[in-house]
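Trainee: after the sequence you'll find the predicted model.
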Amino acid sequence: MSKFVPTKMGNPMGPILIWEKFHPPQDVRVSFKGQTIIITGANTGVGFEAAIKFLESGAKKLILGVRSLKKGEDAQAKMEERTGIKGVVEVWQLDMLNYDSIQAFSKRASSELDRLDIAVLNAGVSATKYVKSTYGYESTLQVNVLSTTLLGLLLLPKLKTSKTNDFTPVLELIGSSSHTVIYDLAKDGNATPLEVYNKEIYFDPLSQYSVSKLFLEYAHAGLTKVAGTDVFVTSVCPGATRSELTRDARAIWYFRIILFFLELVQRTGEEGSRTYITGTTMGLKAQGRFIRDDHIQDPSPMLQGERGAKTQGEVWRNIVAALKQDVPDIDRFITT
Ligand SMILES: NC(=O)c1ccc[n+]([C@@H]2O[C@H](COP(=O)([O-])OP(=O)(O)OC[C@H]3O[C@@H](n4cnc5c(N)ncnc54)[C@H](OP(=O)(O)O)[C@@H]3O)[C@@H](O)[C@H]2O)c1
């Protein structure tokens, strides 16, 4: 058995989380009247609460992209009961572990929707066990990075054609501030960063999620270039928020201790979802930027300067190459 190799992490977030708990984001209320909005993984957690806000603020059509139609329909019923708004929510099948499902979902969006104003790519996981997807990638990297990038690329054409003189559509990624605690990536011979973190010896349940969200920020920069000036591509973090994200972690004793303390500082789902709304309203200044608690953040150390640009370029190329293995025509979505 190979030896486990931990990833270097710094900047403990504890004090920040305590401060954030008592300073939740502003509950910005804007109108989404007439808009068509997609939100993935909204059957529970922060996405569910964000969906309620889009609904209450006048969305014309709100599509929940969910892997279980049953869970999606249950969520739809709860949303309709809570808001009293019917005939707006639609539940569409989307499995972020399956490229056919992602392609079918985006094809459906381009053919059935007259326009697409906002796409919130919220579905995400934090795996505590090393499990590989059908495509050979560790499941956190698969869902949070590769599949999210694929879905973003496939939805961009529809978002682009929905731009008008008065409105620029938004592709909103759900990132995490935990990416800022990674201050160096492990190296392993000639292996690329994606290959390194896909190896079981580098899988650390404490850092893999943060690495995945760092890679998502590298993908964010790539998607921003592809979007050009036609779509605003942002990444937002809800802050430490109560949800089902840590469902697997409870099986591990040391995670139960961490979660005990984490739960003391977690926000409610409603508070966490506020940043999702803010992120869609910030316009050009949020293009390609990471937003946390109402504010655009400076890039984290791993995204700054020459090293940041070099690693971003490398990881973006790794992601595109990995996607190309299984979705050969992805190139035609990457014209900038
Ligand atoms: N909660 C936090 O403290 C926090 C902090 C920073 C960032 N975030 C990010 O916020 C987003 C929402 O997470 P959450 O905290 O609300 O967690 P959650 O309650 O676990 O919600 C995650 C959602 O993603 C869906 N999902 C997972 N795998 C999927 C797949 N293969 N296909 C389709 N949908 C899938 C889940 O569906 P099922 O119910 O079917 O599993 C669920 O609807 C994630 O991107 C997460 O990384 C959360």
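Mentor: Arrived safely.

Trainee: and the contacts of the helix ranked longest in the chain?
Mentor: Longest helix in the chain by number of residues (criterion: DSSP state H): helix 305-326. For helix 305-326, contacts defined as CB atoms under 8 Å, 6 or more residues apart in numbering pick out 99, 135, 137, 145-146, 149-150, 153, 185, 192-195, 215, 218-219, 221-222, 299, 301-303, 330-331, 334. Where C-beta positions appear, they are placed from N, C-alpha and C, glycine not excepted.

Trainee: and stretch 115-123, does that touch the ligand?
Mentor: Yes: against the ligand, stretch 115-123 shows contacts by CB under 6 Å from any ligand atom at 122-123.

Trainee: for that stretch, what is the distance to the chain centroid?
Mentor: Distance, stretch centre to chain centre, for stretch 115-123: 11 Å (CA atoms, centre = their mean, to the nearest Å).

Trainee: could you flag which of the contacts of helix 305-326 are buried?
Mentor: 99, 135, 137, 145-146, 149-150, 153, 185, 192-194, 215, 218-219, 221-222, 299, 301-303, 330, 334 (16 or more other CB atoms under 10 Å).

Trainee: give me every residue in the stretch 51-200 of the chain lying close to the ligand.
Mentor: So the stretch 51-200 of the chain meets the ligand at 67-68, 71, 94-97, 122-125, 143, 174, 176 (CB under 6 Å from any ligand atom).

Trainee: if we use 5 Å, what do you get?
Mentor: Proximity of the stretch 51-200 of the chain to the ligand, by CB under 5 Å from any ligand atom, involves residues 67, 95-97, 122-125, 174, 176.

Trainee: which single one of the residues you listed is nearest to the ligand?
Mentor: If you rank those by distance to the ligand using CB to the nearest ligand atom, residue 124 comes first, at 2.4 Å.

Trainee: for the nearest residue to that closest one once chain neighbours are set aside, which three-state class applies?
Mentor: In space, and not counting its chain neighbours, residue 124 is closest to residue 144: 5.1 Å by CB to CB, 6 or more residues apart in numbering. Here residue 144 is helix, with the state taken from DSSP: H, G, I helix; E, B strand; the rest coil.

Trainee: got a pLDDT number for residue 144?
Mentor: We have a pLDDT of 98 for residue 144.

Trainee: quick one, helices of the stretch 151-300 of the chain?
Mentor: 193-197, 208-227, 253-265, 269-281 (DSSP state H, counting those that start in this stretch).

Trainee: got CSV for the ones you listed, with mean pLDDT too?
Mentor: Shown next, in CSV, are the helices of the stretch 151-300 of the chain (pLDDT from 0 to 100):
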stretch, mean pLDDT
helix 193-197, 97
helix 208-227, 98
helix 253-265, 88
helix 269-281, 97
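
Trainee: nearest spatial neighbour of residue 196, skipping sequence neighbours?
Mentor: residue 188 (4.8 Å).

Trainee: look up how far the ligand lies from residue 43.
Mentor: To the ligand, residue 43 is 5 Å away according to CB to the nearest ligand atom, to the nearest Å.

Trainee: tally of neighbours for residue 248?
Mentor: By other CB atoms under 10 Å, 16 other residues sit near residue 248.

Trainee: just the one 5 residues further on next, same as before
Mentor: Counted by other CB under 10 Å, the residues lying close to residue 253 total 7.

Trainee: next: the one 3 residues further on.
Mentor: Neighbours of residue 256 under the rule other CB under 10 Å: 12.

Trainee: any idea how far the nearest residue in space to it that is not next to it in sequence is from the ligand?
Mentor: Ranked by CB to CB, 6+ apart and with sequence neighbours excluded, the top spatial neighbour of residue 256 is residue 250, at 6.1 Å. To the ligand, residue 250 is 12 Å away according to CB to the nearest ligand atom.

Trainee: my read is that residue 250 contacts residue 259, right?
Mentor: Yes: if you go by CB atoms under 8 Å, residue 250 and residue 259 touch, sitting 6.9 Å apart.
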